[in-house]
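can't give you the sequence, but here's the structure:
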């Protein structure tokens, strides 16, 4: 097992993982119960300076503003077109202060940006973006922004009979085209946010298209609900990194069997990013709930 | 392969199935693309004189009316309590005539019947019901109401690398406790209707409970949408039996690869039931769309 988690230092986090997996196998936990769920942004790949999908969306808004000049006077197209990251930053500050008026403006823009697109075309765009776009500061392509120790962990779990799922606040159909290639997670095991969809028959198989309306945001209390809806099970292992993962980590607690909840701590400004904003309550809860904190700085020999 | 589909007569339907599966294997269609979707009521198990889940619900309404006498004056509890199948029958007639006012009354009662129940308790009730209740006319338990030729077909597909999913208008969480035992379909591959769910944390893992509000009804155009949402794929094989399956059968059409759509025809009043009500358009469309009709009378040597 040493070589399997080669990018993990031999500390408490690695020991907790190895011990948990060994016990799962030696206790002969039925394979169908070995369900592991992973948040994506900030857990499996990096989310700073902005979530990767937000970059994808901003580029689409710019395209729209280029095609339709009148959009340039209107948020969120204006901020995207003028690369006004101040507006986006202020929006997050307002959000933490309890004011979501600009979050709603951005959300409406995002939904409008993909209105009417077929699920196949949406995936083709996401796939092309992820295979070509580069991270703004890390000097690597987005598909090289997955954390190597996490990819090792996914492989280690799979080799021991686990089924790994992504339970992300990000878009389900944004991640699906690359989940197998990047994480070894098949597309049917990607749970994420989605807009409402329409189906139109046409005698050639029909088309599923995006409506400009959110179906659900897979974050917070929606995470356990969506995990249950998809898998019909309470996971025995969960990994997250932010306040939105608290209910998922809570849901992974069993009264009658072993479980493991991991919380990734971004404390490595040199190799990745150093922040706890948006994770304050999760970090506080880790201590009282018996979650294992994974320090990027101390627990990982390499990040990417 | 003869012994595999032993309950199928050697007619056009069986030949279409065997040829399709053989070609899928000899063409080396990637295993992950071998997605097969099955309606449940009237396709995998019988749905007359009423859907099995409706019996489950009516018993719950009776229980409620026994506990709270004032409910006995109010529909749908009154019809359930008085075993007034006339009211339920009239409701379906009204529905087909375009009047859904009593359908809404029934739906509201159904949702109220399970309000606040945890998903675990709901499954325990469904599981107990399905393992003990008997079909009203067929002289067999409900778990013996699955069609033997369909169970064979599921096994034949699985043996050839297919992933079978249930895409039913019935309740997802109603079917999950028995899907593995009855059909060999694991719970995470059951797609069906669901009420909206809540998650409440409690420091012991939290609870997911039913809200008295439909999330979606997995029928008609929702079937392709829910199949896509769950699997991220267009299936290559679909089996249905009613008008509500038309979009799913349509969605299974590919321009660039082989596919198979099957429509079960209930034409055997002796061994099962003889009806086309609710399937008129589907049967009409079968001819023009190249769907293979499976006649219970002619294609199956045994039904159960």
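Arrived safely. Model, not experiment: these values are computed from the prediction. Residues are numbered from 1 along each chain as shown, chains lettered A, B, ... in the order given.

and the residue lying closest to residue A:135 once chain neighbours are set aside, how many neighbours?
Leaving aside its sequence neighbours, residue A:135 sits nearest to residue A:145 (C-beta to C-beta, 6 or more residues apart in numbering or on different chains; 5.5 Å). For glycine as for every other residue, the C-beta is placed from the backbone atoms N, C-alpha and C. When neighbours are defined as other C-beta atoms under 10 Å in any protein chain shown, residue A:145 has 20 of them.

next one: residue A:139
Burial of residue A:139 is recorded as 8 neighbouring residues (other C-beta under 10 Å).

distance of the one residue in the stretch 51-200 of chain A that gets nearest to chain B relative to residue B:107?
Distances between the stretch 51-200 of chain A and chain B by C-beta to the nearest C-beta are smallest at residue A:187, namely 3.7 Å. When distance is defined by C-beta to C-beta, to the nearest Å, residue A:187 is 33 Å away from residue B:107.

more neighbours, the two?
More crowded of residue A:187 and residue B:107, by other C-beta under 10 Å: residue A:187, with 19 against 14.

that one contacts residue B:232, doesn't it?
Yes. Taking C-beta atoms under 8 Å as the definition, residue A:187 is a contact partner of residue B:232 at 3.7 Å.

shared neighbours of those two, anything?
residue A:176 (C-beta atoms under 8 Å, 6 or more residues apart in numbering or on different chains).

for residue A:211, give its distance to residue B:101.
For residue A:211, the distance to residue B:101 - C-beta to C-beta - is 28 Å.

the two: which is more packed in?
Between residue A:211 and residue B:101, counting by other C-beta under 10 Å, residue A:211 is the more crowded of the two (14 against 9).

skipping its backbone neighbours, what lies nearest the more buried one in space?
Using C-beta to C-beta, 6+ apart and skipping the chain neighbours, the partner closest in space to residue A:211 is residue A:196 (4.4 Å).

so what's the backbone phi/psi at the one you found?
For residue A:196, the backbone dihedrals (degrees, to the nearest 10) come out as phi -70, psi 140.

could you look up the SS state of residue A:298?
Secondary structure, DSSP: H, G, I helix; E, B strand; the rest coil: residue A:298 is helix.

related to what we said a few turns ago, surely the residue nearest to residue A:135 touches residue A:49?
No. With contact defined as C-beta under 8 Å, residue A:145 does not reach residue A:49; the gap is 12.0 Å.

the helix or strand of chain A with the lowest mean pLDDT: how far from the chain's middle?
Ranked by mean pLDDT, DSSP states H and E, the helix or strand of chain A with the weakest confidence is helix A:85-96, at a mean of 82. Centroid separation for helix A:85-96 versus its chain: 20 Å, with C-alpha atoms, centre = their mean, to the nearest Å.

give me the residues contacting that helix.
Against helix A:85-96 from outside (C-beta under 8 Å, 6+ apart): A:50, A:54, A:75-76, A:78-79, A:100-103, A:106, A:277-278.

downstream neighbour of that helix in the secondary structure list?
helix A:101-113 (DSSP states H and E).

okay, buried residues for that next one please.
A:102, A:105-106, A:109-111, A:113 (16 or more other C-beta atoms under 10 Å in any protein chain shown).

ok, residues contacting that helix?
Against helix A:101-113 from outside (C-beta under 8 Å, 6+ apart): A:57, A:60-61, A:64, A:75-77, A:87-88, A:90-91, A:94-95, A:195, A:210, A:212-214.

which of those residues count as buried?
Among the contacts of helix A:101-113, those classed as buried by 16+ other C-beta under 10 Å are A:57, A:60-61, A:64, A:75-77, A:87-88, A:91, A:195, A:210.

among these, which lie within strands?
Here DSSP state E is the test, and these give A:195, A:210 as lying in strands.

closest one of the buried ones among the contacts of helix A:101-113 to residue B:170?
Nearest to residue B:170 out of these is residue A:195 (C-beta to C-beta; 26.1 Å).

is the closest residue to that closest one other than its chain neighbours bridged to anything, and to what?
Nearest residue to residue A:195, sequence neighbours excluded (C-beta to C-beta, 6+ apart): residue A:210, at 4.9 Å. Here residue A:210 sits in beta bridges with residue A:197, as judged by DSSP bridges.

I'd say residue A:210 and residue A:120 touch.
No. If you go by C-beta under 8 Å, residue A:210 and residue A:120 don't touch, sitting 11.3 Å apart.

how about the residue nearest to residue A:21 when sequence neighbours are not counted, phi and psi?
The shortest distance from residue A:21 to any non-neighbouring residue, by C-beta to C-beta, 6+ apart, is to residue A:160 (5.2 Å). Note on residue A:160: its backbone torsions stand at phi -110, psi 30 [degrees, to the nearest 10].

residues in contact with residue A:160?
Going by C-beta under 8 Å, 6+ apart, residue A:160 touches A:21, A:24-25, A:34.

got phi/psi on residue A:289?
The phi/psi pair for residue A:289 (degrees, to the nearest 10) is phi -100, psi 0.

quick one: it and residue A:238, what's the gap?
For residue A:289 relative to residue A:238 (C-beta to C-beta), the value is 11 Å.

more neighbours: the two, which one.
residue A:238 (31 against 15).

is chain B contacted by stretch A:256-269?
No. If you take C-beta under 8 Å from any C-beta of the partner chain as the test, stretch A:256-269 misses chain B, and the best it gets is 8.5 Å.
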